[in-house]
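1. can you look at this prediction? I've put the sequence above it.
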Amino acid sequence: MTDTVSPPMRKPSGWRKWLLNLPVWVYRARLGWLFNSSLVVLVHRGRKTGAVRRTVLEALAHRPIEGEYRMLSGRGRSSDWFRNMQASPPLELWVGRKRMPVTYRVLGPREATESVRLHIEAYPRMSRRISPELVAAMEQGTLADVLTDIPVVALKPIVIDSSQPSTGDLVIEQPSRQGSPSR
């Protein structure tokens with residue numbers, strides 16, 4: 001018996017493309033809170049044209065402790081948004097009512113497998129419908145092998161310290177030290 005994984009989804013076109021981009025218009029109307037943090041919009045720059053692009057992504061997980069939003073690249077490493085991020089860093093992430101600059105990292109095999117496994121366990125019916133190949137791979141114990149071709153990305157908001165005068169540079173806010181004596 002051979003295990004086969006279907007090829008990554010092809011690019012949507014026609015009415016499917018219009019329907020999949022509908023959340024971008026909802027976010028532009030400042031109604032992103034309707035999606036909570038399940039659907040987000042990644043704002044990035046096209047690698048060839050340099051034009052600003054907006055892509056709707058489903059968040060696998062929001063990890064408040066790390067402050068990360070984790071996404072799976074449904075069309076693998078050939079996804080335009082993934083290739084664009086590798087060419088130049090993402091510009092913004094729209095989540096609910098927030099628009100924030102972000103950094104990104106591609107998760108290693110262990111973290112990626114754990115994120116996808118937790119998502120499948122949290123949403124089994126939806127997972128079976130949207131990505132039955134990943135569910136089957138998890139059940140067969142081959143999820144890590146499948147995810148070598150399907151990157152999982154963590155997007156982390158950059159917190160800008162507004163108490164400092166603006167110099168045009170981004171400053172990452174350091175956690176405050178509670179209880180430490182002031183100088």
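-> Right, received. Where do you want to start?

2. mind listing the helices for this protein?
-> Listed from the start of the chain, the chain has helices (DSSP state H) covering 15-28, 80-87, 109-122, 124-130, 132-140, 143-146.

3. for residue 157, find the nearest of those helices.
-> Taking CB to CB, helix 80-87 is the member of the helices of the chain nearest to residue 157, at 15.1 Å. Every C-beta, even on glycine, is put in place using the N, C-alpha and C of the backbone.

4. residue ranges in this structure under the pLDDT threshold?
-> 1-12, 17, 20, 65, 161-183 (pLDDT under 70).

5. show me the residue sitting in the middle of this structure in space.
-> residue 71 (3.1 Å; CA atoms, centre = their mean).

6. circling back: want to throw the helices of the chain into JSON lines with distance to residue 160 and mean neighbour count?
-> JSON lines is the format used below for the helices of the chain (distance: least, CB to CB, whole Å; neighbours: other CB atoms under 10 Å):
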{"stretch": "helix 15-28", "distance to residue 160": "21", "mean neighbour count": "13"}
{"stretch": "helix 80-87", "distance to residue 160": "20", "mean neighbour count": "18"}
{"stretch": "helix 109-122", "distance to residue 160": "26", "mean neighbour count": "17"}
{"stretch": "helix 124-130", "distance to residue 160": "35", "mean neighbour count": "12"}
{"stretch": "helix 132-140", "distance to residue 160": "36", "mean neighbour count": "16"}
{"stretch": "helix 143-146", "distance to residue 160": "36", "mean neighbour count": "18"}
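
7. which of those sits closest to residue 103?
-> Closest among these, once you apply CB to CB, is helix 80-87, at 10.3 Å.

8. packing partners of the closest one?
-> Helices and strands touching helix 80-87, as assessed by 3 or more CB pairs under 8 Å, 6 or more residues apart in numbering; DSSP states H and E, comprise strand 39-45, strand 52-63.
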